[in-house]
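Visitor: using only what follows, build the 3D model:
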Amino acid sequence: MSNQLQENLHMHEAVAPESPAAGDLNKIQLVPRITVQAFCETEIVSQTIDMAARDRRMSRATVKVLNGGLASAVEYYQSAPTPNLIIIETRLGGGELMTGLSRLAEVCDMDTKVIVVGHRNDITVYRELISNGVSDYLVAPLSMADLMSAISDIFVDPEAGPLGKILAFVGAKGGVGSSTICHNVAWTISSRYSSEVILTDMDLAFGTANINLDQDPPQGIAEAVYSPDRMDDILLDRLLAKCADHLNLLAAPSTLDRTYDFTQDAFNGVLEVAQRSSPMVVLDLPHQWTAWTKHILSVADEVVITASPELANLRNTKNLLDKLSELRPNDTLPKLVMNQVGVPKRPEISVADFIRPLDVQPAAVIPFDPALFGMASNNGQMISEADPRSSVVGSIEYLTQLVTGKAEMKVEKKGSLGILSKLKLGKKK
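Guide: Numbers count the residues shown, from 1 in each chain. Just a heads-up that it's a prediction; the model follows:
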């Protein structure tokens, strides 16, 4: 917002666009690393901003919610630097509002953006604010979708294109076959939909993606994560191993030459570059609970948990679902794959009994078939290559449709997104 409110700019016809529907939250692009400070007059607006700040699409932004409206903001910035975005809730209108914004402009940096949340559904107010340098005007009460869409529209470069979708696979317990499911889904996306996929093996010590895909790349994700300052699309392209026409692998070193201890944000750089390079980024996560695995699971677009039907798996799956529901309050529950079902002579929990306390339907139930999976692994093949007629192929293809958004679960699940869209006055064009 400029030091002097822009005056006498050309007036334009402002058309109020529709607010995004509940299902459109997934269409909102990830907000970049910005600082946001909000000055609220009502509890409902304060709560909405606070809830939006916890959404994974806002995970890179730093958001602070303060009490008080326009006057409080002017006073606050007399002695404090202004952030990238200021959100002002106000009941003022007309000359009082414009006078207050003029005082705010005097204490704002040149590149600070301002969103006004008002209580007047008046197109005249909208036009006046936009023509005077305000980035957007929203009408209270507003939804999270309204707010995040407005922030995304201001700070996401439309010419940069959408970021790729992150699919994260994790096992409820070691040895349940999460990596095999992950690799087969990545291969299916690339082969069935001719969509570019980057498969990332994040189990640096014991990863198996290179074996399963019959690859022996000299470099991979270790070089990426240990060189964050050099990370760009050129370096990523050098590190990728081409497995098929549309499938590229960022392989794990699978060695014990060093210990692999990482901070929460260690993989952010490589994942951001991968998302800009490919519409699908598939992550094979190790079975461990660390700051960085927790962070990646909280920000992924889709999460797939693989479990086998026994008690420890049930406990761990329940814990994962509960924690991810807390970390991802506005997203559907992770997809559950029941794998290795029907091991001879093994006491098992039936699938029906396994899912009952979870309140989630399995996206796939895959039988124990050591001959098929062993043959595929030994030959460096995917299941559909080893035996195209196997029923497992159908299960993997259906799971692929689910995580890519090309199919819906046949049974409605509790915990799905349910936000009612409300009227939004408009956006700056």
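Visitor: state the helix or strand in which the closest residue to A73 other than its chain neighbours lies.
Guide: The shortest distance from A73 to any non-neighbouring residue, by CB to CB, 6 or more residues apart in numbering, is to F39 (4.4 Å). Heads up, the C-betas are built off the backbone N, CA and C, glycines and all. For F39, the host element (DSSP states H and E) is strand 35-40.
Visitor: may I see the buried residues of the helix or strand just after that strand?
Guide: Next along the chain after strand 35-40, taking DSSP H and E as the criterion, comes helix 43-53. For helix 43-53, burial by neighbour count (16 or more other CB atoms under 10 Å) applies to V45, S46, T48, I49, M51, A52, A53.
Visitor: run the chain-centre distance for helix 43-53.
Guide: Chain-centre distance of helix 43-53: 20 Å, with CA atoms, centre = their mean, to the nearest Å.
Visitor: now the angle from that helix to strand 35-40?
Guide: 160 degrees (axes from the mean of the first three to the mean of the last three CA atoms, to 10 degrees).
Visitor: measure P357 to L314 for me?
Guide: 7 Å (CB to CB, to the nearest Å).
Visitor: the more surrounded of these two?
Guide: For P357 versus L314, neighbours defined as other CB atoms under 10 Å are more numerous around L314 (21 against 12).
Visitor: residues near the closest residue to A251 other than its chain neighbours, how many?
Guide: Using CB to CB, 6+ apart and skipping residues adjacent in sequence, the residue nearest A251 is G220, 3.6 Å away. When neighbours are counted by other CB under 10 Å, G220 registers 24.
Visitor: for the one 5 residues further on, same thing?
Guide: Neighbourhood size, V225 [other CB under 10 Å]: 21.
Visitor: next, it: phi, psi?
Guide: In this entry, V225 is assigned phi and psi values of phi -80, psi -30 (degrees, to the nearest 10).
Visitor: make sure it is actually in contact with A266.
Guide: Yes: if you go by CB atoms under 8 Å, V225 and A266 touch, sitting 5.7 Å apart.
Visitor: show me what contacts the nearest residue to N26 once chain neighbours are set aside?
Guide: Sequence neighbours aside, D301 is the residue nearest to N26 in space, at 7.2 Å (criterion: CB to CB, 6+ apart). Going by CB atoms under 8 Å, 6 or more residues apart in numbering, D301 touches N26, K165, I166, L167.
Visitor: OK, contacts around the nearest residue to M144 once chain neighbours are set aside?
Guide: Counting by CB to CB, 6+ apart, A52 is the residue found nearest to M144 once chain neighbours are left out, at 4.6 Å. Applying CB under 8 Å, 6+ apart to A52 gives the contacts M58, V63, M144, L147, M148.
Visitor: likewise E41?
Guide: E41 sits in contact with G68, G69, E89, T90, R91, where contact means CB under 8 Å, 6+ apart.
Visitor: do that again at 10 Å, thanks
Guide: If a contact means CB atoms under 10 Å, 6 or more residues apart in numbering, then E41 has 67-70, 72, 88-92, 117, 119, 140 as its contacts.
Visitor: mind checking how far it is from V63?
Guide: Counting by CB to CB, the gap from E41 to V63 is 17 Å.
Visitor: may I see the buried residues of stretch 64-73?
Guide: Here stretch 64-73 shows V65, G69, L70, A73 as buried, counting by 16+ other CB under 10 Å.
Visitor: which among the residues you listed gets closest to Q215?
Guide: Nearest to Q215 among those: V65, at 48.1 Å, using CB to CB.
Visitor: let me know whether the closest one touches C40 as I believe.
Guide: Yes: counting by CB atoms under 10 Å, V65 does reach C40; the two are 6.3 Å apart.
Visitor: between the two, what contacts are shared?
Guide: In contact with both V65 and C40: S46, Q47, T48, I49, D50, I87, using CB under 10 Å, 6+ apart.
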